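> Provide a 3D model corresponding to the input given below.
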Amino acid sequence: MGWSIEDHGTHYLIKCMIEEPEHPHINYSKADGVIGVDVNYNHIAFSHVNGQGQLLSSSCLYFSLEGKRSGQITKILEAEAIRLVDIAVQRNKPIVLEALDTTLSKSAGHYRNRKQNRRMSMFAYKKMQDSIHSRAAKMGIAVFEVNPAFTSQIGKMKYMKQMHISIHQAASYVIGRRGMNLKEQVPKLLRIYTERRDGEHHWKQWGVLTKAFKALRPHVFYHVSGQSYPLFNKEICNDGLTQAERDS
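Numbers count the residues shown, from 1 in each chain. Below is the predicted model:
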């Protein structure tokens, strides 16, 4: 239990906050699939994954934290957590999130620019994560957390074009699949850039590819055809870059 007093100029608003008990029955079952979630500086991307790990649908919940005070940010994030959990309740599926180091990991995404990274630093990812956990417990929905390694890169290289979704939605799909303990094998078109040694974890290959393609903008991956992977075509790689970026 807690109390808060808000000064509204002409009057004060006194609030009493009481913790609601958790739902007596939590749904931990992944038999029918999960809701994979990727949290970003201005939206939550989420994907409905079925019991076989296939994508059923994907969408985003948008919001803005620009110019907001900490108290307002908290309310916005809590409201978005409620929206997300209500979707999971409707689908009767548990939620899968990334288990992130909130200090650096999320803001270090290769596809974000510096301005977005600064926004992410104020985003209070942990508050969003805690809000999702809290709301889910009250509504009877389990929340699983998975290792965030290469989720965005896998989504970008493997599913973004194939599923006709954004990089963030693709990342949420990978997060959901990882929550179901499904492995992400490197597509055949990409295997020419890497090789897997016996006993080597499959993430090693994704690490190699991430380094190889780190300079490429996400939209470049939409140029992939069914017969080739023209990522090193200079014209395509330079498309959309500024002159300074081309010269660097």
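> quick one, what contacts the most centrally placed residue in the chain?
Nearest residue to the geometric centre of the chain (CA atoms, centre = their mean): D38, 1.5 Å. D38 makes contact with I44, A45, F46, E98, T151, S152, H168, Q169, A171, S172, I175 under the criterion CB atoms under 8 Å, 6 or more residues apart in numbering. (Each C-beta comes from the backbone N, C-alpha and C, glycine too.)
> report pLDDT for it.
At D38, the model reports a pLDDT of 95.
> how close does L77 get to S134?
According to CB to CB, to the nearest Å, L77 stands 11 Å off from S134.
> higher neighbour count, these two?
Using other CB atoms under 10 Å as the criterion, L77 and S134 rank with L77 on top: 24 against 18.
> once you drop chain neighbours, what's closest to the more buried one?
In space, and not counting its chain neighbours, L77 is closest to M128: 4.6 Å by CB to CB, 6 or more residues apart in numbering.
> neighbours of that neighbour, how many?
M128, neighbours per other CB under 10 Å, totals 23.
> elements contacting whichever strand or helix holds it?
Here M128 sits within helix 125-139, counting by DSSP states H and E. For helix 125-139, the packing partners by 3 or more CB pairs under 8 Å, 6 or more residues apart in numbering; DSSP states H and E come out as strand 34-39, helix 70-91, strand 95-98, strand 143-146.
> any low-confidence regions in the chain?
1-3, 17-23, 101-124, 193, 195-202, 215-216, 219-220, 222-248 (pLDDT under 70).
> quick one, strands of it?
2-7, 12-17, 34-39, 43-49, 55-62, 95-98, 143-146 (DSSP state E).
> just say which of these is most tucked in.
strand 34-39 (a mean of 28; mean count of other CB atoms under 10 Å).
> got the CA positions of that one in CSV?
Output in CSV follows, covering the C-alpha atoms of strand 34-39 (Å, rounded to 0.1, in the frame of the first residue of the first chain):
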residue,chain,number,x,y,z
VAL,A,34,3.1,-17.1,-27.5
ILE,A,35,3.1,-13.3,-27.9
GLY,A,36,6.6,-12.2,-28.8
VAL,A,37,7.4,-8.6,-27.7
ASP,A,38,10.1,-6.1,-28.8
VAL,A,39,10.0,-2.8,-26.8
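> and that strand, which strands flank it?
In the sheet, strand 34-39 lines up against strand 43-49 (antiparallel), strand 95-98 (parallel) (DSSP bridges).
> P218 is nearest to which of these?
Checking the strands paired with strand 34-39 against P218 by CB to CB gives strand 43-49 as the closest, at 13.2 Å.
> what's the burial count for the residue lying closest to R177 once chain neighbours are set aside?
Distances taken as CB to CB, 6+ apart put G53 closest to R177, at 5.0 Å, once the chain neighbours are dropped. The tally of other residues near G53 (other CB under 10 Å) stands at 18.
> ok, now which ones touch G53?
So G53 contacts G33, R177, M180, L182 (CB under 8 Å, 6+ apart).
> got it, and A45?
A45 neighbours (CB under 8 Å, 6+ apart): V37, D38, S58, S59, C60, S166, H168, Q169, A171, S172.
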